[in-house]
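Engineer: quick one, fold the following:
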Amino acid sequence: MIVVPARMGQINKRTLLGRLQKMGQGSRAELARLLGISQPTAGRIVDELLAVKVLEELPDGAAGADTGKTNGRLGRPSRMLRLDSTHPRFVAIHLGVSETRLALVPLGVGNAEHWDLSFPTPPSAEEWSRLLRNASQSLNAKGLWGVLVSAPGIVDENGCRILFSPNLHWTEKADLPALLRDIWNVPVLLVQEERALSLGHHAAVPEDDSFLLVDFGEGVGGAVVVGGQSYTGPLPVSGELGHTPVLGNWRPCGCGAVGCVETLISTRGLLQSFALAVPGAAHTWPSLIQYISQEGVTSWLGEAIDAAAAVIAGAANVLGVGHIVITGSLTELSPGVVTHLERAVVKGTMWARFGKVTCVSAPRRRTLGLVCVGLDRLVASLSDQFPSKSSRLFLEFQQHNPSALP
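Structural biologist: Model prediction:
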């Protein structure tokens, strides 16, 4: 393939931003060396990104900064750079089954999860839009570059629509981007929620470059990162682990099937089993946490964990990954729950017979993952000659809203 200069510039810019996000900070010379490009090329990209406040220079004497030695080729002190952490550029939205959360986030959002506002997710697009509009008045967002939405279900990210959502069926018919642009008038990206979580984990823990992330919550879903890249198949369906049927399970699922594993191991499923096993208890999530801390992994809980482990092990065998990252509600229970899950997953994976299979718990990093997508699909093409569809919308927005750039 012949790479034209404009396309090469886009690749270099995207690579530089991704590398700097994982590094946290770095100098021009360091970035040039790691990316395998000349220092003048790195300097030119950096200057362009500094001009539009995608990057910022750390003040002299900041932690990790260089000693101030002048780099002859670039003709300036080798000051440390990082993604701009001062100006909020995105509205990050977590569209959850029971709760919607919002946050104003800069490009340098950091690893810790952060949300500014939340409200119960309503049963209709019209009510969701009304509540978002009210929330937007409290956010006081200025100079935005986009809205980034973490959404459950089968998400066509390129088409920016939700094809199927077992637990939020109203989103399937709603034009969510149009609703959001009517409030903020900026480009909108929809991101499948587990993919956002996996990108956030990789950005925070770059040494984990190949893994299967499984998130437990109101549903159960997964996403795969291989060689530092998010895995996507030819269809916009991947990681739907929760909708694998379990023999002997007759609980109806929101997807229309019967016996899906998430009806056993999701928060709703666990509370349902808790109510059947301990009818006299308060059937709330805090009460379940306290019960498990006292009783440990009881038989009904062990059966649910074993069912989930079998699904995870099957996915690991097909994908050929030996590192499993667990996030979400299951990690809130006693450490013995994750230990039980890990042992059951290892028992069911073929690779454990020849090598090492690991299963670890990790915090959710949804906002970081959303910003990863915003950087890749919007910011990396700020001035490219051949931007993507999402970037063209962004460029058109910038042309009609010059105040959005400093």
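
Engineer: and the gap between residue 58 and residue 375?
Structural biologist: 19 Å (C-beta to C-beta, to the nearest Å). No exception for glycine: its C-beta is placed from N, CA and C like everyone else's.

Engineer: more neighbours, those two?
Structural biologist: Shown here are residue 58 and residue 375; by other C-beta atoms under 10 Å, residue 375 has more neighbours (22 against 16).

Engineer: just the strands in the stretch 51-200 of the chain please.
Structural biologist: Assigned by DSSP state E, counting those that start in this stretch, the strands in the stretch 51-200 of the chain fall at 55-57, 70-71, 76-77, 81-83, 90-95, 99-105, 117-120, 146-151, 154-156, 161-164, 188-192.

Engineer: worst mean pLDDT among those strands?
Structural biologist: Of all the strands of the stretch 51-200 of the chain, the minimum mean pLDDT falls on strand 70-71 (a mean of 40).

Engineer: where does this protein dip in pLDDT?
Structural biologist: 1-10, 60-78, 381-406 (pLDDT under 70).

Engineer: let me see the domain layout of it.
Structural biologist: 5-83, 90-197+366-404, 206-361 (automatic domain parsing).

Engineer: rewinding a little: next, format the strands of the stretch 51-200 of the chain as a markdown table and append mean neighbour count and distance to residue 170.
Structural biologist: Output for the strands of the stretch 51-200 of the chain, formatted as a markdown table (neighbours: other C-beta atoms under 10 Å; distance: least, C-beta to C-beta, whole Å):
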| stretch | mean neighbour count | distance to residue 170 |
| --- | --- | --- |
| strand 55-57 | 20 | 40 |
| strand 70-71 | 13 | 56 |
| strand 76-77 | 14 | 54 |
| strand 81-83 | 21 | 35 |
| strand 90-95 | 26 | 11 |
| strand 99-105 | 20 | 13 |
| strand 117-120 | 14 | 14 |
| strand 146-151 | 26 | 12 |
| strand 154-156 | 20 | 15 |
| strand 161-164 | 19 | 10 |
| strand 188-192 | 24 | 15 |
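
Engineer: now the ones you listed as CSV including distance to residue 24?
Structural biologist: Supplementary listing: the strands of the stretch 51-200 of the chain in CSV, determined by distance: least, C-beta to C-beta, whole Å:
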stretch, distance to residue 24
strand 55-57, 13
strand 70-71, 21
strand 76-77, 20
strand 81-83, 6
strand 90-95, 19
strand 99-105, 16
strand 117-120, 27
strand 146-151, 21
strand 154-156, 29
strand 161-164, 34
strand 188-192, 23
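
Engineer: residue 331: which of those strands is closest?
Structural biologist: strand 90-95 (17.3 Å; C-beta to C-beta).

Engineer: contact partners of that closest one?
Structural biologist: 100-106, 115, 121, 132, 136, 139, 141, 144-152, 168, 171, 176, 180, 184, 193, 366-367, 370-371, 374 (C-beta atoms under 8 Å, 6 or more residues apart in numbering).

Engineer: how about 7 Å then?
Structural biologist: Strand 90-95 has contacts (C-beta atoms under 7 Å, 6 or more residues apart in numbering) with 100-105, 121, 139, 141, 144-151, 184, 366-367, 370-371, 374.

Engineer: what does stretch 121-131 give?
Structural biologist: 95-100, 119, 170, 174, 179.

Engineer: tell me the buried residues in it?
Structural biologist: By neighbour count with 16 or more other C-beta atoms under 10 Å, stretch 121-131 contains the buried residues 121, 125, 128-129, 131.

Engineer: and what of stretch 296-304?
Structural biologist: By neighbour count with 16+ other C-beta under 10 Å, stretch 296-304 contains the buried residues 297, 301, 303-304.

Engineer: out of these, which comes closest to residue 221?
Structural biologist: residue 304 (16.4 Å).
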